[in-house]
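Asker: what would the 3D arrangement of this be:
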Amino acid sequence: MENKENLKRVFTGSVIEAQFVKRYLKDNNIDALLRNTLNESMIAGWASGAPGDAGLIFVFEDDFDKAMVLIEKYRSNSNKNPE
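Answerer: The predicted structure is shown next:
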């Protein structure tokens, strides 16, 4: 991921869930960048944000539509109640 000008955010959630989503995208041939904003702010000397939304996933603009379809599929599967 070299050219950050063409990156678009496709996911916001916990870092653990974002790690899973990143791997899911990679398994579907989409490169993704994971940012941990809570960790970044703590390294800088302050804590900003909450653990529930500290994981941000970015993909290249060309992969945005495909990534969003996969993420919606993931979200719909994870929201199903076990019977």
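Asker: now the element after the lowest-mean-pLDDT helix or strand in the chain, going C-ward?
Answerer: Sorting the helices and strands of the chain by mean pLDDT, DSSP states H and E puts helix 37-44 at the bottom, at a mean of 61. Proceeding N to C from helix 37-44, the next assigned helix or strand is strand 55-60, under DSSP states H and E.
Asker: for that next one, output the C-alpha coordinates as CSV.
Answerer: Only the C-alpha atoms of strand 55-60 are listed here, as CSV (Å, rounded to 0.1, in the frame of the first residue of the first chain):
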residue,chain,number,x,y,z
GLY,A,55,-9.8,-0.3,14.1
LEU,A,56,-10.0,1.3,10.7
ILE,A,57,-9.7,-0.6,7.4
PHE,A,58,-8.7,1.1,4.2
VAL,A,59,-8.6,-0.4,0.7
PHE,A,60,-7.5,1.0,-2.7
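Asker: give me the contact list for the helix or strand following that strand.
Answerer: Downstream of strand 55-60, the next assigned helix or strand under DSSP H and E is helix 64-78. Residues outside helix 64-78 that contact it (C-beta atoms under 8 Å, 6 or more residues apart in numbering): 8, 10-11, 21, 24-25, 28, 30, 32, 59. C-beta here means a position set from N, CA and C on the backbone, and glycine is covered the same way.
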